[in-house]
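Colleague: structure here, sequence nowhere to be found:
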């Protein structure tokens, strides 16, 4: 009597709830014919062969086997997967056998998951051994180091142990050389010049015969090597030559004993306007026995087709100064010009914005004799915080000789009362683009601190306290007005719609101040989302603090976002903002997910998923977004760290892809299964997250569904 493979083994049925048939005598074993292999990252068409030994008495039954590759994918080549059935030495390949993708279509290559399908039974003859020979062509172009496995999920055919180890991947050959650039920021002008020095070192894999090793340096289009280029190497006289068109340099005679080669490339432009302004990259190739074994590009400098470079810092410091209202500091400005930019009689117009230049403070320190043209002071009628300043803060420098390349000057600036952004200076030269840089940071008068809370729409809620801090003493003066405005972040449209302070509770707001700072009054603006504070007296000795508590407000049901910020404005100047409160997300009373089904229901409403739930090692895996909605959580994803974050009013949970723990309120909790990415969706094991947030779940074996209650 013939022996037939059962569809699924009983043991697996217990573990995975997918039944598996018993078998009578022997179970077929899938094995790699050539044994486990070693693959190199980057290979794109590596052929391997598998054998499944059915024996003399086992029929090949109609059904399918789902294959899943770890750390590899099918190659993009015709017929990336094929199979034949052999009785003894006779092939009985049948059109009943085929490979298809998960959607049931022909393979196109690049698949990690695919099906082996048997359309009809192929009986054993009880005499010859029957084997299945499977050929796979694999692609390792985007894999990491590690094991390459092939997993089987059997749906009626019977394929033996899973996973099957196909071997391991490893890095490609080590670096043959290293190219280190000394100063990639080096700039040259249209006349050409010396680019950054490049050290070629750490040679590997060279021929012991020096003449068989060669370094080739190739310039980009529009550039030529000048005879002024130099090549230096300790204990070695370089054998240097150039191509006929001077675009390539050849360096021969090196071996593994060569410590390094220093290349100092001096280049010229092939013709006027033959190269575009911007970075200059050269290619460095190593040839061994006339074969290029490695090639690298490196940025050696940049072409500035005439132009200026500005740098600024606070005098006797490393960075630009920080100014708050009433302060003056000295700025040191350096102007560098590419050859030929500033000729005799050239003028540079300098215009300072968001700060005023203090009268008689401008001094040119380099070069000597630079002519300065500055506007006259407007006298006592034009003062900022007690400092006499130049009108419009504009002045002009004029060169007195040919080809000035470096100009240095200093001047004092004072912040404008209403400055909202950093102070800047703009340099303008005829026929050149203007250059603008920051010369000072403008400090805020006020900082804000809040501890965002959660509120319900449609209900008057106790809002968090607000702490306002002066950045320095006496920044606030009697009569100043501070406006606290409730807004939706990131949008001017509807920014104050459907949110408001509770007008009946404004009189109960408590204001606590320090260092003699006083609040004269707290009123509600005609726009009920704005509170107005009037300062009664300034601070003394130290910066003052205002703490507002017992604040109440609300959102209507039409509120357009789930977050509200508080914006702080002093008189007419916007100072700062901070997150103030969040809207609680509604929690569904009952959500039902069905295994392998893209549809799910939330409170009876049918919704769609991008990736269907599935069972892995007895664990139910669901998409992150659906989990967040069902538990009433805010779900977010950080693609850089591969981290999912879930929040509600009481708890914050953070889980990283592949991690065996989930962190709940900074406490690690063990996961029964690590989170993973499936078909572009982040999948997480439901029970661990539900347990962490105290949510009841249930499993219906008959319908293969999960209910979140």
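Modeller: Everything's here; your move. Everything quoted here is computed from the prediction, not taken from an experiment.
Colleague: C-alpha only now, for contacts and for neighbours.
Modeller: OK.
Colleague: show me what contacts residue 357?
Modeller: Residues near residue 357 by Cα atoms under 8 Å, 6 or more residues apart in numbering: 389-390, 393, 411-414.
Colleague: just residue 535 next, same as before
Modeller: Counting by Cα under 8 Å, 6+ apart, the residues that residue 535 touches are 476-482, 517-521.
Colleague: cutoff 7 Å now
Modeller: By Cα atoms under 7 Å, 6 or more residues apart in numbering, residue 535 lies in contact with 477-481, 518-520.
Colleague: so how far is residue 530 from the residue nearest to it when sequence neighbours are not counted?
Modeller: The shortest distance from residue 535 to any non-neighbouring residue, by Cα to Cα, 6 or more residues apart in numbering, is to residue 519 (4.7 Å). According to Cα to Cα, to the nearest Å, residue 519 and residue 530 sit 16 Å apart.
Colleague: settle it for me: which of those two has more neighbours?
Modeller: Taking neighbours as other Cα atoms under 10 Å, residue 519 and residue 530 compare with residue 530 leading, 23 against 20.
Colleague: you'd agree that one is up against residue 506?
Modeller: No. Counting by Cα atoms under 7 Å, residue 530 does not reach residue 506; the two are 11.0 Å apart.
Colleague: longest strand anywhere in the protein?
Modeller: In the chain, assigned by DSSP state E, the strand with the most residues is strand 291-303.
Colleague: what is the burial count for residue 527?
Modeller: When neighbours are defined as other Cα under 10 Å, residue 527 has 12 of them.
Colleague: and it, which of the three is it?
Modeller: Here residue 527 is coil, with the state taken from DSSP: H, G, I helix; E, B strand; the rest coil.
Colleague: any idea how far it is from residue 554?
Modeller: To residue 554, residue 527 is 14 Å away according to Cα to Cα.
Colleague: quick revisit: helices and strands around the longest strand of the chain, which ones?
Modeller: Judged by 3 or more Cα pairs under 7 Å, 6 or more residues apart in numbering; DSSP states H and E, the packing partners of strand 291-303 are strand 187-188, strand 278-288.
Colleague: residue 195: what's it in contact with?
Modeller: Neighbouring residues of residue 195 by Cα under 7 Å, 6+ apart: 186, 264-266, 300-301.
Colleague: who does the helix or strand residue 86 falls within pair up with?
Modeller: Assigned by DSSP states H and E, residue 86 belongs to strand 81-87. Sheet partners assigned to strand 81-87 using DSSP bridges are listed as strand 90-91 (antiparallel), strand 130-139 (antiparallel).
Colleague: name the surrounding residues that touch the helix or strand harbouring residue 437.
Modeller: Using DSSP H and E, residue 437 maps to strand 435-442. Contact with strand 435-442 is made by 310, 312-313, 320-324, 331, 421-428, as judged by Cα under 7 Å, 6+ apart.
Colleague: stretch 85-101 now?
Modeller: Contacts for stretch 85-101 (Cα under 7 Å, 6+ apart): 81-82, 84, 106-107, 114-120, 128-133.
Colleague: and it, end to end?
Modeller: First-to-last residue span, stretch 85-101, Cα to Cα: 21 Å.
Colleague: residue 252 bridge partners, please.
Modeller: The residues that residue 252 bridges to, once DSSP bridges is applied, are residue 214, residue 239.
Colleague: give me the distance between the two termini of stretch 467-487.
Modeller: Distance across stretch 467-487, first residue to last, is 18 Å (Cα to Cα).
Colleague: ignore the last one, stretch 353-371
Modeller: Note: stretch 353-371 ends 23 Å apart using Cα to Cα.
Colleague: before we move on, what about stretch 590-608?
Modeller: One end of stretch 590-608 to the other measures 16 Å (Cα to Cα).
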